[in-house]
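S.K.: Predicted model follows, preceded by the sequence.
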Amino acid sequence: MGDIPFRDLEGFLQTNLVELINRIDVESAQAHLPPVTILLTEGIGIFAMPVRTINFLSHYQGSIALLSGATSIRQGIFPELVISLPLVEIQQHWHPMRPDTTLSIGAQVRVCSGDHEGAIGTINYLYSHQQVFASGILARAALLRLEDGSMLTVPLSVIERIS
């Protein structure tokens, strides 16, 4: 599933989500939840699952996977999906890789907050000086070329590298 509206998820879980994810004791927080884990690749909201995510998950359809929904913002615990690799991929000189999280020109990123949350683009320029945004904040920023070809300047703090 790509996403779910906030109130719908609260209704399904029959709990206050803000209280749930801010609790310190993860086990007690999750003890009263239904025994099911839902993967929301785009989180809370109304965002469609990106094609690249659909293609990635489709590639591993039928593979054994481990999905942990444990979440605690205070402890830095976030949901994880671990997918077993097919034997063919392992035999092709596979070696573990650490994801490159560096925000650099040419990196593909997703906007994680604000009016353009969910937008995907490529870093076209990294400003050397802080930029002033409509909200009044002053922050380091990047100029993105979005998938539709438009340009958008966003604070670095609201983007994450996806490839």
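M.R.: Here it is on my side, so go on.

S.K.: Now do the lowest-mean-pLDDT helix or strand in the chain: distance to the chain's middle.
M.R.: Ranking every helix and strand in the chain by mean pLDDT, DSSP states H and E puts helix 26-31 at the bottom, with a mean of 72. Computed by CA atoms, centre = their mean, to the nearest Å, the chain-centroid distance of helix 26-31 equals 23 Å.

S.K.: Stretch 123-139 too?
M.R.: How far stretch 123-139 lies from its chain's middle: 22 Å, per CA atoms, centre = their mean.

S.K.: For the closest residue in space to residue 32 that isn't next to it in sequence, the count of nearby residues, please.
M.R.: Distance criterion CB to CB, 6 or more residues apart in numbering; nearest residue to residue 32, sequence neighbours excluded, is residue 15 at 7.1 Å. All C-beta spots, glycine's among them, are computed from the backbone N, C-alpha and C. Residues within reach of residue 15, counting by other CB atoms under 10 Å, total 16.

S.K.: that's a strand at residue 15, yeah?
M.R.: No: using DSSP: H, G, I helix; E, B strand; the rest coil, the secondary structure at residue 15 is coil, not a strand.

S.K.: Could you measure from it over to residue 23?
M.R.: For residue 15, the distance to residue 23 equals 10 Å [CB to CB, to the nearest Å].

S.K.: For the chain, give me the ranges with low pLDDT.
M.R.: 1-3, 26, 45, 73 (pLDDT under 70).

S.K.: follow-up on the earlier one: ok, the residue nearest to residue 32 touching residue 33?
M.R.: Yes: Residue 15 lies in contact with residue 33 (CB atoms under 8 Å); the separation is 6.8 Å.

S.K.: contacting residues for residue 123?
M.R.: Going by CB atoms under 8 Å, 6 or more residues apart in numbering, residue 123 touches 103-107, 109, 142-144.
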